[in-house]
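# sequence and predicted structure, then a few things I'm wondering about:
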Amino acid sequence: MHRAFTLPEFLFIVAAIRWTLLLSLVAFVGGGLVGFAIAILRTTESRTLRLLTAGYIQLFQGTPVLMQLFVFYYGLAVLLGMQVDAWPAVALAFTLYAGAFLGEIWRGSIQAIPRTQWEASACLSLSYLQQLRYVILPQAMRISIPPTVGFLVQLIKNTSIAAIIGFVELTRAGQLMVNVTFEPMVVYPLVAALYFAMCWPLSLLGRFLEKGIDANLGVKRHL
């Protein structure tokens, strides 16, 4: 039955933001833990660990996140005979997806630190973990801020893919309202504006953090 797009429909779409943000938060935190482990293992001297983690990254970066979502939601039911609900399926899929990208971002940031920094810290008789903690990671953190924030923005937008399996986040809520109001030119611009409202402040936050770290390191910024 057709109905007009009024305040209740608007509030339904706005309420779905919490699921978009919650999914993004779970994926980013879980993916951050996975990504940090991946980044460290990718920089070890063990060739086996480097190959295994490189394979993980290639797998999740080289396949569409939509296919990964299908595997966790539909594949487990076929292969293991267990039906997975939409929420744990999307949370797990996006966590592993985020872990691959964050791991590669942070691996690149660690390896961007000049070799002389490793050698200087080794001269102080610091262990490998101490070198990372006190010398390498503080410098790598500054390098990683822009791509990390950029990926977080991308992650928030990519959560819209979860709508394909019926998970009611922002995009799915918009689809449901289009189905009952038949006003896509009202609903979808609103959904796009809400995504922008979530992502734009993150970009500003990334610039603010980068400036703060530059100030602490005595780095001058040129516009």
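Thanks, I have the structure now.

# so residue 99 makes contact with residue 41?
No. Applying Cβ atoms under 8 Å, one finds residue 99 not in contact with residue 41, separated by 11.7 Å. For the C-beta atoms, the positions are set from N, CA and C on the backbone; glycine is no exception.

# lowest confidence element among the helices and strands of this protein?
Across the helices and strands of the chain, the lowest-confidence element by mean pLDDT, DSSP states H and E is helix 76-79, at a mean of 77.

# other SSEs contacting that helix?
On a contact count with 3 or more Cβ pairs under 8 Å, 6 or more residues apart in numbering; DSSP states H and E, helix 76-79 meets no helix or strand.

# which helix runs longest in the chain?
helix 184-217 (DSSP state H).

# check which residues of that one are buried.
187, 190-191, 194-195, 198-199, 206, 209-210, 213 (16 or more other Cβ atoms under 10 Å).

# now do it, average pLDDT.
Per-residue pLDDT values over helix 184-217 give a mean of 84.

# follow-up on the earlier one: now distance to residue 45 too, for the buried residues of helix 184-217, in JSON lines please.
Formatted as JSON lines, those follow (distance: Cβ to Cβ, whole Å):
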{"residue": "187", "distance to residue 45": "54"}
{"residue": "190", "distance to residue 45": "53"}
{"residue": "191", "distance to residue 45": "48"}
{"residue": "194", "distance to residue 45": "47"}
{"residue": "195", "distance to residue 45": "43"}
{"residue": "198", "distance to residue 45": "41"}
{"residue": "199", "distance to residue 45": "39"}
{"residue": "206", "distance to residue 45": "33"}
{"residue": "209", "distance to residue 45": "32"}
{"residue": "210", "distance to residue 45": "31"}
{"residue": "213", "distance to residue 45": "29"}
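
# what's the most distant pair in those residues?
Greatest spatial distance among the buried residues of helix 184-217 (Cβ to Cβ): 187 and 213, at 40.3 Å.
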